[in-house]
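K.L.:
Task: produce atomic coordinates for the following.
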Amino acid sequence: MSSSFRATLVLSIIGISLGWTALPAASQDVPSIPNDIRQQLPPDTLDILDNAPFEELDESLDEPPSVQPLPETAPREPEPSPELPPPDELLRSPNDAADTQTDVPDTIFVERFEVEGSTVFSEEELADVTAPFTGREVSFAELLQARSAINELYIENGYVTSGAFIPEQTLENNVVIIQVLEGSLAEINVEVDGRLRPRYIRRRLELAGKSPLNVDDLLEGLQLLQLNPRINTISAELAEGVRPGTSILDVEVDQADTFTLNLSLNNGRSPSVGSFRRQIQATELNLTGLGDTIAAGYSNTDGSDSLDLSYTLPVNPRNGTVSFSVGTTDSEVIESPFDELNIESESRFYELTYRQPIIETPTEEFALSLTASRRESESEFLEDVIDEGPIPFPSLGADEDGRTRISALRFAQEWTLQGSRQVVAARSQFSVGFDAFDSTVNEDGPDSRFFAWRGQAQWVRLLAEDTLLLLRSDIQLAEGSLVPLEQFGLGGQQTVRGYRQDELLTDNGILFSGEIRVPVARVREWDALLQVTPFFDFGRGWNVDDLDPDPNTLASVGLGLRLTVSDRLTARFDWGLPVIGDSDGNTLQEDGVYFSVDFSPF
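P.N.:
Below you'll find the predicted structure:
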């Protein structure tokens, strides 16, 4: 099931939408239309213009990666652990070697033991395990037991290739020296069946197998590689090295198919540019053999065309990455009667992101990221309607030329905890807009100077076989008024079903959503599963300095069907019933009906 979720995520390309937001007329200062322009308009067009509150005609850029919602994730079946030989088949530890035994009395008095060569344990920890053999007369056999106690301490903590021995010595002050030889990896040999470079594997295993060698850490490093989508299978064998205390790790890797093509159909766009969207995205997870990813996507509706491209390069063995994303969209309003105004828009985004996992295990990840973001849009209207040609569209926060330019830094913290029965994910992001690179700056009203925080959380619980509970929340808090590109949208397929896309667009907002997926049919020969999905959605939006929309709360309940066929096909149909008000219009989306089909041919 997790593969289908990943396919849905890859297909999640969100294009630009021009939507009618629910801002009240008094909430923002919108540029007026000059009288000389009004005098040139035909009567029918003038009626449309007079009845269309410009503060309700706004644009919502396609969302760059830094502001997209949390991906939906299902509990993961436990992966088979890469097998290492049992400890007794690993490198022969020094305790197997003969301890030096010269002329030793039957018993000696031992005041204390001095352990040399240990970098793992403190003097207090080592003293605790040898305490039973101190402060009294001990035999040579008991000396060996003291040595074995130190060996057991290492083995219990995963250092199975380390060991202790009693070197030849002259007893001074009743102190017995025990020498520890801590194990290390002398060599890592990697053989890859595929284009993935061995260095990609070796650097990560060097990190997991740092000295002193801990087999538990090494196994965890192998498990992380097994979960890597670029790797199909990985096997490892630990053998004795040439020098005492060293080991050689031989690794064989079978590379996975790293190219995917995803096709999608849905009605998740704003009806203003056509709600029916066609999408295609191609992704290569190992472009040059470095584990670098490139993805290109195209989507369109009857009134819009969007193209985006991203490239991600691993920069360290801790899976830190640098990524660059760019997207562009052309759109026009095709919804009656506003299509007569010939509203057109061009938009772009650019993002440069550094992301670094701080904690990374097979079941948990905590990562930090910093993104430099640039979003631009230009809108115009009345082309072929007046002699002067198109004029700048009076969009909220735009300058006199109809342009909006936002420069921002976004600092995000992401946490995911994954188990066999549940997944918990959370994301926090602080966004700071500033006046740089010719950004939009207005004397009054919102512009590129802003501060906002957004928090997202998701909990997925496996209640029974193929029965899932999914709860998610989303919140945004802003210090001041925001331009529409940064506002919080409510309504539509991804937020509150039963309403049109971006029914509400406000500075602040909160969203709660929940659904249960209950299996109703399964065809095991096709690996097909049909689930019924009752759901509820609730959202509320409010502004900082301006009047709130009325109503400012959306709520719905509904029922859906979800079909998955292996990891190739995911189809979904939802019907949402608005509890508060409703959306006016004649599209399926405005009737509360949503559908999506995601297909991965290979």
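K.L.:
what about the protein, any weak spots by pLDDT?
P.N.:
Along the chain, the parts satisfying pLDDT under 70 run over 1-62, 76-105, 385-389, 583.
K.L.:
Just give me the longest helix of it.
P.N.:
Looking only at the chain and at elements set by DSSP state H, the helix with the highest residue count is helix 140-156.
K.L.:
For that one, name the packing helices and strands.
P.N.:
For helix 140-156, the elements it packs on are helix 123-130, strand 163-165, strand 175-181, judged by 3 or more Cβ pairs under 8 Å, 6 or more residues apart in numbering; DSSP states H and E. Every C-beta, even on glycine, is put in place using the N, C-alpha and C of the backbone.
K.L.:
Okay, buried residues for it please.
P.N.:
Of the residues in helix 140-156, 142-143, 146-147, 149-151, 153-155 count as buried by neighbour count, 16 or more other Cβ atoms under 10 Å.
K.L.:
How about stretch 63-75?
P.N.:
By neighbour count with 16+ other Cβ under 10 Å, stretch 63-75 contains the buried residues 63-67, 69-70, 72-75.
K.L.:
Ok, stretch 154-170 next?
P.N.:
Applying a neighbour-count criterion of 16+ other Cβ under 10 Å, the buried positions in stretch 154-170 are 154-155, 158-166.
K.L.:
Between those residues, which sits nearest G576?
P.N.:
Of all the buried residues of stretch 154-170, G576 sits closest to G158, with 51.9 Å by Cβ to Cβ.
K.L.:
What helix or strand is the closest one located in?
P.N.:
Applying DSSP states H and E as the criterion places G158 outside every helix and strand.
K.L.:
Could you measure from the closest residue to it other than its chain neighbours over to G320?
P.N.:
In space, G158 comes closest to D216 once its chain neighbours are excluded; the distance is 3.6 Å by Cβ to Cβ, 6 or more residues apart in numbering. When Cβ to Cβ, to the nearest Å is applied, the distance between D216 and G320 equals 23 Å.
K.L.:
So which bits of stretch 215-226 are buried?
P.N.:
215, 218-226.
K.L.:
returning to what we had before: gap between the longest helix of the chain and the chain center?
P.N.:
If you compare the mean C-alpha spot of helix 140-156 with that of the full chain, they lie 47 Å apart, counting by Cα atoms, centre = their mean, to the nearest Å.
K.L.:
Over to stretch 309-326?
P.N.:
Per Cα atoms, centre = their mean, the centroid offset for stretch 309-326 relative to its chain is 13 Å.
K.L.:
So for it, what gets flagged as buried?
P.N.:
Buried positions in stretch 309-326, judged by neighbour count with 16+ other Cβ under 10 Å: 310, 312-314, 317, 319-321, 323, 325-326.
K.L.:
Can you read off the backbone torsions of L227?
P.N.:
Note on L227: its backbone torsions stand at phi -80, psi -10 [degrees, to the nearest 10].
K.L.:
So it sits against E360, correct?
P.N.:
No - L227 is not in contact with E360 according to Cβ atoms under 8 Å; the separation is 10.2 Å.
K.L.:
Quick one: residues contacting D574.
P.N.:
For D574, the contacting residues are 493, 497, 533, 535, 558-560, 593-595, taking Cβ atoms under 8 Å, 6 or more residues apart in numbering as the criterion.
K.L.:
and it, how far is that from L352?
P.N.:
Using Cβ to Cβ, we find D574 at a distance of 36 Å from L352.
K.L.:
thinking again about what came up before, need the helices and strands packed on helix 140-156 in TSV (columns: distance to L396).
P.N.:
TSV is the format used below for the helices and strands packed on helix 140-156 (distance: least, Cβ to Cβ, whole Å):
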stretch	distance to L396
helix 123-130	65
strand 163-165	71
strand 175-181	70
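K.L.:
so which of these is the most packed in?
P.N.:
Each of those was assessed for mean neighbour count using mean count of other Cβ atoms under 10 Å. The highest is strand 163-165, with a mean of 25.
K.L.:
What helices and strands are in contact with that strand?
P.N.:
Secondary structure elements in contact with strand 163-165, counted by 3+ Cβ pairs under 8 Å, 6+ apart, are helix 140-156, strand 175-181.
K.L.:
mind checking which of these is nearest Q281?
P.N.:
When these are compared for distance to Q281 using Cβ to Cβ, the nearest one is helix 140-156, at 49.0 Å.
K.L.:
Just the CA atoms of that closest one, as PDB, please.
P.N.:
Backbone C-alpha positions of helix 140-156 (Å, rounded to 0.1, in the frame of the first residue of the first chain) are rendered in PDB as follows:
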ATOM      1  CA  PHE A 140      44.300 -16.800  37.600                       C
ATOM      2  CA  ALA A 141      41.000 -18.300  36.500                       C
ATOM      3  CA  GLU A 142      39.200 -15.400  38.200                       C
ATOM      4  CA  LEU A 143      41.500 -12.900  36.400                       C
ATOM      5  CA  LEU A 144      40.200 -14.500  33.200                       C
ATOM      6  CA  GLN A 145      36.600 -14.100  34.400                       C
ATOM      7  CA  ALA A 146      37.300 -10.400  35.000                       C
ATOM      8  CA  ARG A 147      38.600 -10.100  31.500                       C
ATOM      9  CA  SER A 148      35.500 -12.000  30.200                       C
ATOM     10  CA  ALA A 149      33.200  -9.600  32.100                       C
ATOM     11  CA  ILE A 150      34.600  -6.700  30.100                       C
ATOM     12  CA  ASN A 151      34.200  -8.700  26.900                       C
ATOM     13  CA  GLU A 152      30.500  -9.300  27.800                       C
ATOM     14  CA  LEU A 153      30.000  -5.600  28.400                       C
ATOM     15  CA  TYR A 154      31.300  -4.900  24.900                       C
ATOM     16  CA  ILE A 155      29.200  -7.700  23.300                       C
ATOM     17  CA  GLU A 156      26.000  -6.700  25.100                       C
END
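K.L.:
Quick check: bridge partners of F538?
P.N.:
Listed by DSSP bridges, the beta-bridge partners for F538 are F512, A555.
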